[in-house]
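Asks: Mind folding the following:
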Amino acid sequence: MKIYGSGELQKFVDDIEKYSIGMDEWFHRMGAVHETKSNYPPYNLIKDSSVSFRLEIALAGFKKEDISVYTENNKLFVEGSQEQDEEPLAEYIHRGLATRDFTRVWTISDDVRVEDVVYDNGILTIILKRIIPDHQKRHDWL
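Replies: Here you go, the predicted structure:
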C-alpha cells in the first residue's frame, strides 16, 4: 500500500483518478469542507472508538431552544440564534461571552450518522457513529 506525503498531493489525485470510478462527489465534498467562516463557537472533536465520535460545542449563554442541529446533503449544521435586547440591562466593562448568532458546518461521510444530541450545562454534545455495512464487516466462513 502506497503512503503519500504532503508533497505528493498531485500524485495522489492522479492515482485516484486513474484507479477509481465515481469519485467526483468525494472531490466535491472535500472542496467544500471549509464552509464555516469563523472559529466560533469553540468545539472539541473526540474519537471514542474506531466507529464512534463525540463533538462537544461550548455554547455558554444559549438556551436549548436557541440551538438547531440538523443534517442535510452530507453536512452537519449547528446553528444558534438569540434574541438581542434593544437596550442592555447593564453597562459592560468587559464583555467576553459571545452572544452572536452563528452557523457551524461540518462535512460528514455517507456512512456517518448522528446517534444522539444532548445539551447540558452550556455544552452541546453530538454523538456520531460510523455505520459499517454488513458486506464490509468481517465474516468467518470456516
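Asks: and the residue nearest to the spatial centre of the chain, what element?
Replies: The chain has Trp106 as the residue nearest its centroid, 3.2 Å off, counting by CA atoms, centre = their mean. Counting by DSSP states H and E, the element that carries Trp106 is strand 102-107.
Asks: helix or strand for Leu55, which one?
Replies: Short version, using DSSP H and E: Leu55 is in strand 52-58.
Asks: now the residue nearest to the centre of the chain, nearest residue through space, not along the chain?
Replies: Distances taken as CB to CB, 6 or more residues apart in numbering place Leu76 nearest to Trp106, at 4.5 Å, with adjacent residues excluded. C-beta coordinates here come from the backbone N, C-alpha and C atoms, glycine included.
Asks: Now do the same contact list for the one you found.
Replies: Leu55, Val69, Tyr70, Val105, Trp106, Thr107, Ile108, Val114, Ile126, Leu128 (CB atoms under 8 Å, 6 or more residues apart in numbering).
Asks: Could you check the pLDDT of the last one?
Replies: When you say that, I think you mean Leu128. Model confidence at Leu128, given as pLDDT, is 96.
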